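> Here is my input, please return the structure:
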Amino acid sequence: MSLASEFAVRRSVVVALPKARAFDVFVNMTAWWPLRTHTIGEAPGQALIVESRVGGRWFSIDKFGDEDDIGRVLLYDPPGRIVLTWELSHDFRYETSFATELEVRFVAESPERTSVELEHRHFESYGARWEDQLALFAGDGAWTYILRCYAAVASQGRQEV
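From the prediction side, this is the model:
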């Protein structure tokens, strides 16, 4: 095992939603992902899709309808967890030659509160640049910000997304 495999970015947020609803809101990423600032491709993002099955795609759709792959669904186990590959290189281009993993667990704290626990791991896939990528994703503008966006939408209540 390489030294890099020992490192991961871990973030969590608690939302005032039942576990199943917290999961549903999370996988409907178009409703909460900050597509204006965190998107793949040249054109502004319009949607972020997670296909609800093992082997499904995780991809974005830009304002012109073009699709950009991000990764694949490795595990789809509602309402407990989802595991996705992140197949974006250090310059955020889709690369099938490597993958990191993103695991999100949904843990009920009560019938109406859920802890959403995110772990991004396998930074060794970035080779010599793994430390830079780890620092990037550990920064406030990455998963910390992304989970804040999710929590803001989740906190709006039980409206359909």
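
> So which residues of this structure form strands?
Listed in chain order, the strands of the chain (DSSP state E) span 8-15, 45-50, 57-62, 67-77, 81-86, 100-110, 113-121.

> Got the phi and psi for the residue nearest to Val153 when sequence neighbours are not counted?
The spatial neighbour of Val153 that comes closest, neighbours along the chain excluded (CB to CB, 6 or more residues apart in numbering), is Trp32 at 3.8 Å. Every C-beta, even on glycine, is put in place using the N, C-alpha and C of the backbone. With angles defined as degrees, to the nearest 10, Trp32 sits at phi -140, psi -20.

> Do I have it right that Ala152 meets Ala31?
No: the criterion here is CB atoms under 8 Å, and Ala152 misses it with Ala31 at 10.8 Å.

> Run through this protein and note the low-pLDDT ranges.
1-6, 157-161 (pLDDT under 70).

> Can you give me the distance of the residue most central in space within it to Pro79?
For the chain, the residue nearest the mean C-alpha position is Leu102 (6.3 Å; CA atoms, centre = their mean). Per CB to CB, to the nearest Å, Leu102 is found 17 Å from Pro79.
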